[in-house]
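1. The sequence and its predicted three-dimensional model are supplied below.
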Amino acid sequence: MAAQAPTAPADVYAEVQHFYARQMRYLDSGEAETWARTFTEDGSFAPPSLPEPVRGRAALTAGARGTAAGLADAQEQHRHWVGMLTVTPSDDGSLTAESQVSIVAVPRGGPARLHLVCVCRDVLVREDGELLVRERVVTRDDRP
Amino acid sequence: MAAQAPTAPADVYAEVQHFYARQMRYLDSGEAETWARTFTEDGSFAPPSLPEPVRGRAALTAGARGTAAGLADAQEQHRHWVGMLTVTPSDDGSLTAESQVSIVAVPRGGPARLHLVCVCRDVLVREDGELLVRERVVTRDDRP
Amino acid sequence: MAAQAPTAPADVYAEVQHFYARQMRYLDSGEAETWARTFTEDGSFAPPSLPEPVRGRAALTAGARGTAAGLADAQEQHRHWVGMLTVTPSDDGSLTAESQVSIVAVPRGGPARLHLVCVCRDVLVREDGELLVRERVVTRDDRP
């Protein structure tokens, strides 16, 4: 079969899996500032709902706070599920991480429902030993 | 960013992923006694549906048998999906494993539906080389 | 507890997780021929919808092309989610990989829905360093 891009070794793969579990937990718990610190200082996040990427931790924090406030008002818990993850090292030391992300919405009293399915493409870099997102591009499967 | 608790190395992380895949397979297949043996002899399981934790393998087996019988009567297959897993070693050699768990229900003839979304916090210990659950606390997202 | 079959080490487990992420991405992107090349030349795929397994890359390509064309007509994106994976090495060097697979369907304009839940049992072999499926058997939870 065609030569494939080499994938990250097991220790890096496990580290990235941990990274996403924690990062999404911060987001879904409304820990906006801690979530924003999983991006680099000038990290960008291009969500499907905005015409321009959100850039920098202050803007990322504000965005996550707004989302958390909206969910609190709606008495709804969101849970992000990252799966089908590939991690590919680049020559410059960064990692390209591609995954599918499902968002499940759980209103108080239930029932849970599948809210959205996205594809997430991250460039991850290491600063002081920690993985951080330098660039995130998310596309929605229902909006081609 | 804030210092994070160290996470388990890749070999332990893979072992815990295998552990959950097998444990949930036993439960969803109605192998109640085998499932109960994935807990320590005095292991406890605090599900969101009960006021007190279930303690010990005999009680765990009985509980899983009851659940399996109810599902068989309803001709419904449940599948547990564990995801967004973090595994953190403690000084005493135990592991704290935190995850999201979705339960998908599939009635005979379909269609499948998302039944429940939970958060699972386990303390895992090793006995004779095997990982076992010493303590499990499960909370449901729809019941704050 | 009962002795369990040994599971694959972390590096193989990570490799198999990458394998599925890529393989399902090919399928869901309609890259039928690339998908078929993730099977051995004479690889077989026994889906729940057919009385006999599909055998060989030409037949696998044709099948995946047909599925992709149907989804394109319906303006629907499918996403396969592989989870709860166990990988067990055999004496002959092959790997038995067992997993749950959810298929999520996303129509243009949404909303996403849980389409199917299956169990997948693969025999994986290595050729020229690459993992390939030699035999796949898929069963659906709604059709006992």
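-> Thanks, I have the structure now. Numbers count the residues shown, from 1 in each chain, chains lettered A, B, ... in the order given.

2. quick one: the closest residue to A:Gly56 other than its chain neighbours from C:Asp92, how far?
-> Closest residue to A:Gly56 in three dimensions, ignoring its sequence neighbours and counting by CB to CB, 6 or more residues apart in numbering or on different chains: A:Asp42, at 5.6 Å. Placement of C-beta: from N, CA and C, glycine included. A:Asp42 sits 52 Å away from C:Asp92, going by CB to CB, to the nearest Å.

3. So if I had to pick from the two, which one is more boxed in?
-> Neighbours were counted for A:Asp42 and for C:Asp92 using other CB atoms under 10 Å in any protein chain shown; A:Asp42 has more, 10 against 7.

4. so how far is whatever helix or strand the more buried one lives in from its chain's centroid?
-> In this assignment (DSSP states H and E), A:Asp42 forms part of strand A:39-46. Its chain's average C-alpha position is 11 Å from that of strand A:39-46, according to CA atoms, centre = their mean, to the nearest Å.

5. cool, stretch A:33-41 as well?
-> Centre-to-centre, stretch A:33-41 and its host chain are 11 Å apart (CA atoms, centre = their mean).

6. Up against chain B, what does chain A have?
-> Along chain A, the residues adjacent to chain B under the rule CB under 8 Å from any CB of the partner chain are A:10-11, A:13-15, A:17-18, A:20-22, A:24-25, A:34, A:37-38, A:77, A:79-83, A:104, A:106-114, A:130, A:132.

7. what bits of chain A have low per-residue confidence?
-> A:1-4, A:144 (pLDDT under 70).

8. For the helix of greatest length in it, list the C-alpha coordinates in PDB.
-> Longest helix of chain A, by residue count under DSSP state H: helix A:10-28. Output of helix A:10-28 as PDB, limited to C-alpha atoms (Å, rounded to 0.1, in the frame of the first residue of the first chain):
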ATOM      1  CA  ALA A  10       3.200   5.100  21.900                       C
ATOM      2  CA  ASP A  11       4.400   7.400  24.600                       C
ATOM      3  CA  VAL A  12       3.600  10.500  22.600                       C
ATOM      4  CA  TYR A  13       0.300   9.000  21.500                       C
ATOM      5  CA  ALA A  14      -0.700   8.300  25.200                       C
ATOM      6  CA  GLU A  15       0.400  11.800  26.100                       C
ATOM      7  CA  VAL A  16      -1.800  13.400  23.400                       C
ATOM      8  CA  GLN A  17      -4.800  11.200  24.500                       C
ATOM      9  CA  HIS A  18      -4.300  12.500  28.100                       C
ATOM     10  CA  PHE A  19      -4.000  16.000  26.700                       C
ATOM     11  CA  TYR A  20      -7.400  15.900  25.000                       C
ATOM     12  CA  ALA A  21      -9.100  14.200  27.900                       C
ATOM     13  CA  ARG A  22      -7.900  17.000  30.200                       C
ATOM     14  CA  GLN A  23      -8.500  19.900  27.800                       C
ATOM     15  CA  MET A  24     -12.000  18.900  27.000                       C
ATOM     16  CA  ARG A  25     -12.800  18.300  30.700                       C
ATOM     17  CA  TYR A  26     -11.700  21.900  31.400                       C
ATOM     18  CA  LEU A  27     -14.000  23.200  28.700                       C
ATOM     19  CA  ASP A  28     -17.000  21.100  29.700                       C
END
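
9. rewinding a little: moving C-terminal of the strand holding A:Asp42, what's the next helix or strand?
-> Toward the C-terminus, strand A:39-46 is succeeded by strand A:54-55 as the next helix or strand (DSSP H and E).

10. who's in contact with that following strand?
-> With CB atoms under 8 Å, 6 or more residues apart in numbering or on different chains as the test, strand A:54-55 has contacts from A:42-47, A:60, A:63.

11. which of the residues of chain A next to chain B come close to chain C?
-> Checking the residues of chain A next to chain B against chain C (CB under 8 Å from any CB), the matches are A:10-11, A:13-14, A:83, A:114.

12. Give me every residue in chain A that's in contact range of chain C.
-> Chain A comes close to chain C at residues A:1-2, A:4, A:7-11, A:13-14, A:83-87, A:98-100, A:102, A:114-117, A:141-144, as judged by CB under 8 Å from any CB.

13. Tell me which of those residues fall in helices.
-> A:10-11, A:13-14.

14. Closest one of the residues you listed to A:Arg136?
-> Closest approach to A:Arg136 among these (CB to CB): A:Tyr13, at 18.6 Å.

15. Spatially nearest residue to that closest one, not counting backbone neighbours?
-> Nearest residue to A:Tyr13 in three dimensions, chain neighbours excluded: C:Ala14, at 4.3 Å (CB to CB, 6+ apart).

16. At which residues are the strands of chain A located?
-> Along chain A, the stretches classed as strands by DSSP state E are A:39-46, A:54-55, A:76-89, A:95-107, A:113-127, A:130-140.

17. Only the buried residues of the first one, if you could.
-> Translated: strand A:39-46. Judged by neighbour count (16 or more other CB atoms under 10 Å in any protein chain shown), strand A:39-46 contains these buried residues: A:39-40, A:43-46.

18. again with the third one
-> Buried residues in strand A:76-89, counted by 16+ other CB under 10 Å: A:76-87, A:89.

19. residues touching A:Val125, list them.
-> By CB under 8 Å, 6+ apart, the contact set of A:Val125 is A:40, A:93-95, A:131-132, A:134.

20. partner residues bridging it?
-> Assessed by DSSP bridges, A:Val125 has beta-bridge partners A:Leu132.

21. Could you give the separation of stretch A:52-60 from the chain centroid?
-> Centre-to-centre, stretch A:52-60 and its host chain are 14 Å apart (CA atoms, centre = their mean).

22. What residues sit buried inside that stretch?
-> A:54, A:56-57, A:59-60.

23. number of nearby residues for the closest residue to A:Asp141 other than its chain neighbours?
-> Once flanking residues are discounted, A:Asp141 sits nearest to C:Val106: 4.0 Å by CB to CB, 6+ apart. Residues near C:Val106, counting by other CB under 10 Å, number 24.
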